[in-house]
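*Asks:* Structure for this input, please:
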Amino acid sequence: MPKLLKATYLADQEYLLEETRATGLFYFPGVVVWLLLFGVLTVLSAATKYGWSFAWVSYTSALSTVAGWVHLSVGTVDSYVFYFFALLFVVGLLWLIVRYLRWIRTVYAVTSRRVIVQRGILGRDFDEIPVLQVRGVDVKQTVGQRILGYGTVRVSSEGGSSLGNEDWKGIPKPFRFQKLIENAVSSMEPTGPVRWNPSQSR
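*Replies:* Numbers count the residues shown, from 1 in each chain. A predicted model of the protein is given here:
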């Protein structure tokens, strides 16, 4: 049974081959680095501002130097720096929420009959390509993506539908996904018409 795809969307005699979301390695590294960086800087600036015992001496000295350049008291500079880093940390949290919602809202699936993209969190939209309309499956991977095990998949379809011209980024094990689509296409393709041989009727 599907875990990500809405089960009732599958037709009778249709079975699921694969379902996946884009890997978290595609969506979250940048925002995690941002949160770690500005989280540490926010704590350091708070330690200096409020006189916590673990305040970093080098950081405190740097603030004193900056205060001398701008002709302000160290306490004033401490406050400005703390609020600045805290604001950037909050921006990072909002960015994380946005990335998370984008990550969970899209599901890619291959069934015995269709290639499906399900979008939405509360309400859901479905786009599909019947496997008999698939004309090719392309995979692109950079060196870094190959190391991390994901890539970009593009399914070209008959008629050039919008779904068939999209890059599906961050697909884990993209060559496996490609092979599943190609196998589904092969299993649905007719073997070809039977040709009548006049000599067989004699």
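*Asks:* Can you give me the distance of the residue nearest to the spatial centre of the chain to Leu148?
*Replies:* Centroid check for the chain by C-alpha atoms, centre = their mean gives Ala22 as the closest residue, at 4.0 Å. From Ala22 across to Leu148, the span is 12 Å (C-beta to C-beta, to the nearest Å). Heads up, the C-betas are built off the backbone N, CA and C, glycines and all.
*Asks:* can you give me the helices in the chain?
*Replies:* Taking DSSP state H as the criterion, the chain contains helices spanning 24-27, 29-50, 57-70, 74-104, 143-148, 174-188.
*Asks:* hmm, back to that, how confident is the prediction for the residue nearest to the centre of the chain, by pLDDT?
*Replies:* As predicted, Ala22 sits at a pLDDT of 94.
*Asks:* ok, now which ones touch it?
*Replies:* Trp103, Thr106, Tyr108, Tyr150, Trp168, Lys169, Gly170, Ile171, Pro172 (C-beta atoms under 8 Å, 6 or more residues apart in numbering).
*Asks:* Most neighbours of all these, which one?
*Replies:* Neighbour counts for the contacts of Ala22, by other C-beta atoms under 10 Å, peak at Ile171, which reaches 25 neighbours.
*Asks:* That residue contacts Tyr108, correct?
*Replies:* Yes. Shown here, Ile171 and Tyr108 form a contact pair, counting by C-beta atoms under 8 Å, at 6.5 Å.
*Asks:* Phi and psi next, for the residue nearest to the centre of the chain.
*Replies:* phi -60, psi 150 (degrees, to the nearest 10).
*Asks:* thinking again about what came up before, what touches both of Ile171 and Tyr108?
*Replies:* Contacts common to Ile171 and Tyr108, judged by C-beta under 8 Å, 6+ apart, are Thr20, Ala22, Val153, Phe177.
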